[in-house]
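In: Starting from these lines, generate the structure:
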Amino acid sequence: MKLYETVRAESQKTKAMRWGYNFWPCISCTGGKVEFISSDLHELHVSLKLNIRTRNRVGTVYGGSIYSSVDPYFMLMFMQILGKDYVVWDKAASVKFVKPIVNQVKCRFLITEELVEEVKQKIAAQGEYTFDLPLKYEDECGSVYAVFTKTIYAADKRFYKNKLAAKSANN
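Out: Model (predicted):
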């Protein structure tokens, strides 16, 4: 179910992927739910709501659920988009809790073609590239509840293997 207006659609492959993500314990246990994955893997929607699994001591969504429910997706999306010739890692993240979550919120992960091209160009020039991506949890009215910055590292697989080998040789 699309949580945001988009011209993109799911494919049978991304529907199966969505089901798999929602069944995967490290994702399902966060309380978040993947609602939509576009067929080109450039857009993904996640929802999170207050329930028995996400409720904290003061009756709002637990901060760990808020962050962990958005944690892996940019890395997983870039792994699929860039393909097997690249290495992709989550490098860092920050979260600012704006206000307590007591109802359902949603988050949109969006990777533009321009960003993919920028990442590929930087990697072609430097062998690796680290970049930040913004996210936010908001409700249906657009009120923001949490703001995130995800830092992603991507590299050419050969460059990365050589980098690891050089590090290993120096130790």
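In: could you pull out the helices for this protein?
Out: Counting by DSSP state H, the chain has these helices, from start to end: 12-23, 25-28, 63-68, 73-82, 113-126, 157-170.
In: What residues sit buried inside the last one?
Out: What that stands for is helix 157-170. Neighbour counts using 16 or more other Cβ atoms under 10 Å place Y160 of helix 157-170 among the buried residues. Backbone N, C-alpha and C define where each C-beta goes, glycine included.
In: Pick out the residue nearest the middle of the protein.
Out: When the chain is reduced to its mean C-alpha position, the nearest residue by Cα atoms, centre = their mean turns out to be Y73, at 2.5 Å.
In: What's the per-residue pLDDT of the spatially closest residue to A146 that is not a sequence neighbour here?
Out: Nearest residue to A146, sequence neighbours excluded (Cβ to Cβ, 6 or more residues apart in numbering): Y137, at 4.3 Å. Note on Y137: pLDDT of 98.
In: From K91, how far out is Y137?
Out: Between Y137 and K91 the distance is 21 Å, computed by Cβ to Cβ, to the nearest Å.
In: Show me which of these two is the more surrounded one.
Out: Ranked by neighbour count (other Cβ atoms under 10 Å), Y137 and K91 place Y137 first, with 28 against 14.
In: correct me, but the more buried one touches Y145?
Out: Yes. Under the criterion of Cβ atoms under 8 Å, Y137 lies in contact with Y145, with a separation of 4.6 Å.
In: Need the residues touching each of the two.
Out: The overlap between the contact sets of Y137 and Y145 (Cβ atoms under 8 Å, 6 or more residues apart in numbering) consists of I66, I101, V105.
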